[in-house]
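A.B. asks: Below are the sequence and a predicted model; questions follow.
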Amino acid sequence: MKILITGSGGQLGNELISILKTGKSEIGEIDKSLLGAEVLAIDVDTLDITKQDETVSFIKENRPDVIINCAAATNVDGCESNSDLAFKVNAEGVKNLAIGAKSVGAKLVQVSTDYVFSGEGDRPYLETDPINPQSVYGRSKAKGEEYATKENDKTFIVRTAWLYGYIGKNFVKTVRRVLREKGGMSVVNDQIGNPTNANDLAHHILKLIPTKEYGIYHCTGEGECSWYDFAAKIAELSGFKGAVKPCTTSWYNTTYNVPTKRPSYSSLENAHLKETVGNEMRNWEEAIEEYIKNVKD
């Protein structure tokens with residue numbers, strides 16, 4: 001099997017490569033059909049997915065069996081101020097990959113986000129719930145989902161949230177850095193979601209790709225919390241217990257001039273995983289504890 005991973009230099013791409021190389025994740029071993037898979041790991045310096053002709057030609061030349069798209073414009077505020085770039089990468093780029101995948105009969109995994117929902121719910125969102133994105137980032141990712149499924153019928157849409165991995169920037173590393181440098185910080189206590197370990201997410205993507213169970217999946221850490229709860233747990237596990245203080249979104253946005261509306265409640269339910277390949281996502285507290293033991297900032 002040949003697997004093409006775009007955006008391979010990011011948090012999720014790194015975990016996918018590592019797991020495919022070793023044959024196992026922190027959750028367990030991967031399917032035997034993936035052992036010895038040829039991995040073509042690329043980033044924007046190798047292929048600009050926003051250019052359709054180049055993207056389709058690259059895919060036809062390399063003929064992967066599976067494409068896992070980890071490439072995205074993920075800076076939420078940056079997307080708000082540059083919508084053209086957001087839609088170019090998160091929507092048009094996905095369309096180009098889907099067209100390329102279709103041309104060689106490849107499966108496509110498109111990684112998406114909780115931001116496709118309004119973020120104003122009162123229960124965890126199911127895959128079947130209607131989407132209603134409130135930001136440029138959310139709308140561009142929603143359009144990417146639409147293109148992926150329209151252009152290639154062998155598509156898995158995998159929505160995740162609050163992702164953190166062992167390389168690159170993420171919320172966990174930011175909290176640890178700020179606490180080391182300043183000794184304390186304020187974090188919003190009125191935004192609820194699911195912290196997700198990138199190793200767990202990668203494991204489940206690799207569970208899906210040997211199957212033909214195409215469709216939309218939610219794949220986040222089990223259990224929900226606020227950003228404050230998450231930061232307080234990170235602080236406690238890192239030896240800074242009591243160093244994080246709660247604040248409201250309104251206060252934080254005004255104090256730090258935040259331009260983009262964040263979801264107040266965007267918890268996801270991993271319902272489709274449970275119905276198909278099985279949901280082994282760890283509870284968010286268990287996953288972050290393991291991460292803190294292993295991470296090197």
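C.D. replies: Cool, the structure landed. Residues are numbered from 1 along each chain as shown.
A.B. asks: Which residue ranges of the stretch 101-250 of the chain form strands?
C.D. replies: Remark: strands assigned in the stretch 101-250 of the chain by DSSP state E, counting those that start in this stretch are 107-113, 155-160, 163-164, 185-188, 192-193, 196-197, 215-218, 225-226, 244-247.
A.B. asks: Can you add mean neighbour count and give these back as CSV?
C.D. replies: For the C-beta atoms, the positions are set from N, CA and C on the backbone; glycine is no exception. Formatted as CSV, the strands of the stretch 101-250 of the chain follow (neighbours: other CB atoms under 10 Å):
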stretch, mean neighbour count
strand 107-113, 26
strand 155-160, 24
strand 163-164, 24
strand 185-188, 19
strand 192-193, 22
strand 196-197, 27
strand 215-218, 22
strand 225-226, 20
strand 244-247, 18
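A.B. asks: can you tell me which residues contact residue 296?
C.D. replies: Residues near residue 296 by CB atoms under 8 Å, 6 or more residues apart in numbering: residue 166.
A.B. asks: tell me the phi and psi of it?
C.D. replies: Main-chain dihedrals, residue 296, degrees, to the nearest 10: phi -120, psi 110.
A.B. asks: show me where pLDDT drops low in the stretch 101-250 of the chain?
C.D. replies: Scanning the stretch 101-250 of the chain for pLDDT under 70 picks out no residues.
A.B. asks: how about the helices in it?
C.D. replies: Ranges of helices in the stretch 101-250 of the chain, per DSSP state H, counting those that start in this stretch, are 136-151, 171-182, 198-208, 227-237, 249-256.
A.B. asks: Would you mind finding the most buried of the ones you listed?
C.D. replies: helix 198-208 (a mean of 25; mean count of other CB atoms under 10 Å).
A.B. asks: Would you mind listing the outside residues contacting that helix?
C.D. replies: Contacts of helix 198-208 (CB under 8 Å, 6+ apart): 11-12, 14-16, 18-20, 25-28, 30-31, 34, 68, 109, 111, 156, 158, 160, 163-166, 217, 219, 221, 273, 276-282, 287, 291.
A.B. asks: hmm, which of those are the buried ones?
C.D. replies: In the contacts of helix 198-208, burial by neighbour count holds for 11-12, 14-16, 18-20, 25-27, 30, 34, 68, 109, 111, 156, 158, 160, 163-166, 217, 219, 221, 273, 277, 279, 281-282, 287, 291, counting by 16 or more other CB atoms under 10 Å.
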